[in-house]
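**Student:** Sequence and predicted model, in that order:
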Amino acid sequence: MQTFKLGGLTVPDVCLGTMTYGNATPREDAFAQMDRAMDAGITFWDTAEMYPVNPTTQETYGLSEIIIGEWFARTGRRGEVQIATKASGRGGSGRFSRNDAGFEPGNIEEAVDLSLERLQTEVIDLYQLHWPKRGTYGFRGNWTFDPSTSSKARVEDHMNGISEAMARIVAAGKVREFGLSNETAWGTMSWNAAADRTGGPRVVSIQNEYGPLHRLYDTDMAEVGQKEGVTLLAYSPLAAGLLTGKYSGGATPPGSRAAVDVEHGGPGNLGARRTDRGVAAANDWVALARDLGHDPVHLAIAFVRARPFPAIPIIGATTVTQLDHLLAGLDVAIDAAAAKQIDAFHRAHPLPF
């Protein structure tokens, strides 16, 4: 396991995702996953106040943080973990987060305090904004950008206020480092400009979707990350399970993310990733991985770890068996020949969903 610097934090180059804890993943399985992660040297864990998800409900809001806090209390190993969590913006899946209050200069410390309480800790190592107040390119928003959502002056005023509040929160010892999620290059640079104006914390990480099937980050954000010292925390590197190959031929395995979504009245399209082009690309990825002598899941995680800009894959699993499979492939490396074939794959399947 290699390490990255996130400001004053030193973290491993793989992060454990916990978004299913308390819903699809029951407590004891979640505890076993955290034990396994520690044994593997994965001490960097990501959660959010709105988790668990799929589906997000008022009844389960905050449970993932609560379960992690219970693990900390049970094991006494909080000091060995770098914990990251996120404040929900208004609307969308965050509608249950603090009565859809979003994050504002006057309430973000309350959001931090509630996460601290659920996590049973005195400090959050990395505090992130789950998505921008002004809207986002994430969640397929890149297809429908609306420039009329807010003015530049209003956005910068909000950033200044949040940055000033975060400066007080960091000074109080409640948060160590500050990060973003589902952000753009302009947004990231603007948050750093706000930090320079107000004395607030600069951005050390950005949690955006990234993997072999979703490489939007490779354009302008990759240069921001490399030049500004902002590390990508890559969520959904397996495209919500598409890259496992389990949805090939139109299959919807029982207990899968798509099946659970359908059970709760959803479309089962994996957040609009399960398109005809997406499935075709996933099938080709599985074939490519097998030609290279690798498991498609292991190759996808290795791909993220091998990027020429700072990047850490977030690996999440519904069951401990799935996590064991992910952990078994952490020694997979990508050589020059494999990298060339992956580039050719990307040119054949650019942004398939």
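**Tutor:** Yep, it's here.
**Student:** Tell me which residues touch the residue lying closest to residue 175 once chain neighbours are set aside, please.
**Tutor:** Counting by CB to CB, 6 or more residues apart in numbering, residue 175 lies nearest to residue 127, which is 4.4 Å off, once chain neighbours are set aside. For the C-beta atoms, the positions are set from N, CA and C on the backbone; glycine is no exception. If you count contacts by CB atoms under 8 Å, 6 or more residues apart in numbering, residue 127 has them with 84-87, 112, 115, 166, 169, 175, 177-179.
**Student:** Show me what residue 127 bridges to in the sheet.
**Tutor:** residue 85, residue 178 (DSSP bridges).
**Student:** returning to that earlier point: of the contacts of residue 127, just the buried ones, PyMOL syntax please.
**Tutor:** Under the burial definition 16 or more other CB atoms under 10 Å, those of the contacts of residue 127 that qualify are selected in PyMOL by:
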select buried, resi 84+85+86+87+112+115+166+169+175+177+178+179
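**Student:** Kindly reformat the contacts of residue 127 as JSON lines containing pLDDT.
**Tutor:** Output for those, formatted as JSON lines (pLDDT from 0 to 100):
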{"residue": "84", "pLDDT": "99"}
{"residue": "85", "pLDDT": "99"}
{"residue": "86", "pLDDT": "98"}
{"residue": "87", "pLDDT": "98"}
{"residue": "112", "pLDDT": "99"}
{"residue": "115", "pLDDT": "98"}
{"residue": "166", "pLDDT": "99"}
{"residue": "169", "pLDDT": "99"}
{"residue": "175", "pLDDT": "99"}
{"residue": "177", "pLDDT": "99"}
{"residue": "178", "pLDDT": "99"}
{"residue": "179", "pLDDT": "99"}
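**Student:** What is the burial count for residue 96?
**Tutor:** Residue 96 has 17 neighbours, counted by other CB atoms under 10 Å.
**Student:** give the contact list for it.
**Tutor:** 50, 56-58, 61.
**Student:** now that we have the residues you listed, which one has the most neighbours?
**Tutor:** residue 50 (26 neighbours).
**Student:** That one and residue 190: what is the separation?
**Tutor:** Residue 50 sits 24 Å away from residue 190, going by CB to CB, to the nearest Å.
**Student:** just to revisit the earlier point, which one of the contacts of residue 96 is nearest residue 225?
**Tutor:** residue 50 (25.0 Å; CB to CB).
**Student:** Okay, helices next: where are they in the stretch 101-250 of the chain?
**Tutor:** 108-119, 152-171, 185-198, 220-228 (DSSP state H, counting those that start in this stretch).
**Student:** any idea of the mean pLDDT for the last one?
**Tutor:** This predicted structure assigns helix 220-228 an average pLDDT of 97.
**Student:** Neighbours of residue 341, how many?
**Tutor:** 14.
**Student:** Show me what the helix or strand harbouring it is packed against.
**Tutor:** Per DSSP states H and E: residue 341 is located in helix 336-348. Using 3 or more CB pairs under 8 Å, 6 or more residues apart in numbering; DSSP states H and E, the elements in contact with helix 336-348 are helix 276-291.
**Student:** what does the helix or strand just after the helix it packs on rub up against?
**Tutor:** Going down the chain from helix 276-291, the next helix or strand is helix 296-305, by DSSP H and E. With CB under 8 Å, 6+ apart as the test, helix 296-305 has contacts from 13-14, 210-212, 234, 237-238, 243-245, 285-286, 288-290, 292, 294, 311-313, 315, 325-326, 328-330, 332-334, 338, 342.
**Student:** now the angle between helix 296-305 and the helix holding residue 341, please.
**Tutor:** Going by axes from the mean of the first three to the mean of the last three CA atoms, to 10 degrees, helix 336-348 is angled at 90 degrees with respect to helix 296-305.
**Student:** how about helix 336-348: buried residues?
**Tutor:** Quick answer for helix 336-348 (16+ other CB under 10 Å): 338, 342, 345-346.
**Student:** now stretch 27-46
**Tutor:** Result for stretch 27-46 [16+ other CB under 10 Å]: buried residues 29-34, 36-38, 40, 42-46.
**Student:** Next: stretch 89-99.
**Tutor:** So for stretch 89-99, counting by 16+ other CB under 10 Å, buried means 89, 93-94, 96-98.
**Student:** Max pairwise distance over those residues: which two?
**Tutor:** Top of the distance list for those (CB to CB): 93 and 98, 13.7 Å.
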